[in-house]
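In: Just need the structure, nothing else, for what follows:
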Amino acid sequence: MAYTTINKSTDHFNTKLYTGTGSSNAITGVGFQPDFTWLKKRSASGGHYLTDAVRGVTKTIYSDGTDAEGTVAQALTAFGADGFTVGTDSGVNVNSGTHVSWNWKAGTTSGLSGGTITPSAYSINTTSKFGIYKYSGTGANATLAHGLGATPSLVMTKSLGDTSPWAVWCKGLANTEYLVLNDSAGKGTGASNMWNSTSPTDTLISFGSDGQTNGSGKTFICYVWCDVAGYCKAGSYTGNGNADGTFIYTGFKPAWIMIKRTGSAQSWVMFDNKRNPFNLTDNILFAHLNSAEQVDTTPNIDIVSNGWKIRHTDDSINGSETYIYMAFGQSLVGSNNIPCSAR
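Out: Modelled structure (predicted):
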């Protein structure tokens, strides 16, 4: 049993599916006002649109590309109390097409202090331990105070003004290693200038002088998550290359999972419980590709009450190698610190 401070996971993260209309389309049923929404067309190819309240609506970056931030007037046009509105852009609202949205809540926009970099804007959630930070690079070793009160387990950073790749650090990587969200490549090593060879702490994230995380004169967006018992977990596992695959324990029933092989090139694989509510879970999207959803295919897993069990030998999730992952849970509990029981 895992104790949790999260009464209801869908108060902080929720996947919402919708059908496009080709005209202004208000999507409700998220359950809260999102501060970070990740949109992907499922029924056909199209980019991943990432929009957050810190940068503002219509401001889009893409997990599957290195493009600088763009203003897409007809993409995500508004955040609402129970969801968001999309415009006529076919990437987020093609008529009769199917789409998925992954939504996170932040919301606190004042009171942050510390570090040598002061964000120009930010939004944090100290309950779910999630933060969004917009900052200017210094070109020299620096620190950013995250204000989450726990040690980050996943950090994703993107330069907004140029085509620098994404930089990702996850628990399970060394502090001289990184992955690139928009690329299938294995981990980069010896990158002392990416994170200043310093792991995140419960107060600070460290950046070196590398242009992907802290280039002088550049503006960046940074998304940060920490582990929360019963709700969120990031880490690593070793695959076994067997159809009776590895079991990954999270302590909760995952609602969303992203996996990446670290030692060599392979896809960023994404599962969730709304696109595929029953096992086998085998409807696949890839964070680094604009391809349509792969339906009833491999790789595949069983999502269970306390983690997931791999059911295939596919190298993207279960070679005899090391993988990192991020998972959010769907445990329901009655009040703070009540155990999350398996069901």
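
In: and stretch 297-317, how far apart are its ends?
Out: End-to-end distance for stretch 297-317: 13 Å, by CA to CA, to the nearest Å.

In: whoops, I mixed them up, stretch 223-239
Out: For stretch 223-239, the end-to-end distance is 27 Å (CA to CA).

In: Can you give the distance of it from its chain's centre?
Out: When distances are taken as CA atoms, centre = their mean, to the nearest Å, stretch 223-239 is centred 11 Å away from the chain's centroid.

In: buried residues in that stretch?
Out: Neighbour counts over stretch 223-239 (16 or more other CB atoms under 10 Å) mark 223-235, 237, 239 as buried. For every residue, glycine as well, the C-beta is placed using N, CA and C.

In: ditto for stretch 85-103
Out: Per 16+ other CB under 10 Å, stretch 85-103 contains these buried residues: 85-89, 91-94, 97-103.

In: Please apply the same query to stretch 263-275.
Out: Buried, per 16+ other CB under 10 Å, within stretch 263-275: Gln266, Ser267, Trp268, Val269, Met270, Phe271, Asp272, Asn273, Arg275.

In: related to what we said a few turns ago, now, which of the buried residues of stretch 223-239 lie within strands?
Out: Tyr223, Val224, Trp225, Cys226, Cys232, Lys233, Ala234, Gly235, Tyr237 (DSSP state E).

In: does the closest residue in space to the third one that isn't next to it in sequence sit in a helix, a strand or a coil?
Out: With CB to CB, 6 or more residues apart in numbering as the criterion, Trp225 has its nearest non-adjacent residue at 4.7 Å, and that residue is Leu154. Per DSSP: H, G, I helix; E, B strand; the rest coil, the secondary structure class of Leu154 is strand.

In: Asp244: neighbouring residues, count only.
Out: Neighbour count for Asp244, taken as other CB atoms under 10 Å: 11.

In: Is it located within a strand, as I assumed?
Out: No. Per three-state DSSP, Asp244 lies outside any strand segment and is coil.

In: ok, it to Lys309 distance?
Out: Distance of Asp244 to Lys309, computed by CB to CB, to the nearest Å: 9 Å.

In: Likewise for Thr60?
Out: With distances taken as CB to CB, Thr60 is found 36 Å from Lys309.

In: can you check Ser90 too?
Out: 37 Å.

In: just Asn318 next, same as before
Out: 10 Å.

In: What's the local residue count around the residue nearest to Asn214 when sequence neighbours are not counted?
Out: Leaving aside its sequence neighbours, Asn214 sits nearest to Phe207 (CB to CB, 6+ apart; 3.8 Å). By other CB under 10 Å, 32 other residues sit near Phe207.

In: ok so, going back, neighbour count for Thr60 and Lys309, which is higher?
Out: The neighbour count for Thr60 versus Lys309, taken as other CB under 10 Å, is higher for Thr60 (23 against 15).

In: all helices for the protein, in order.
Out: In the chain, the segments counted as helices under DSSP state H are 90-93, 192-195, 211-214, 315-318.

In: least reliable of those helices going by mean pLDDT?
Out: Mean pLDDT is lowest for helix 192-195 among these, at a mean of 92.

In: Show me what counts as buried in that one.
Out: Those would be Asn193, Met194, Trp195, for helix 192-195 by 16+ other CB under 10 Å.

In: In contact with the first one, which residues are there?
Out: With contacts defined as CB atoms under 8 Å, 6 or more residues apart in numbering, Asn193 is in contact with Gly208, Ser209, Asp210.
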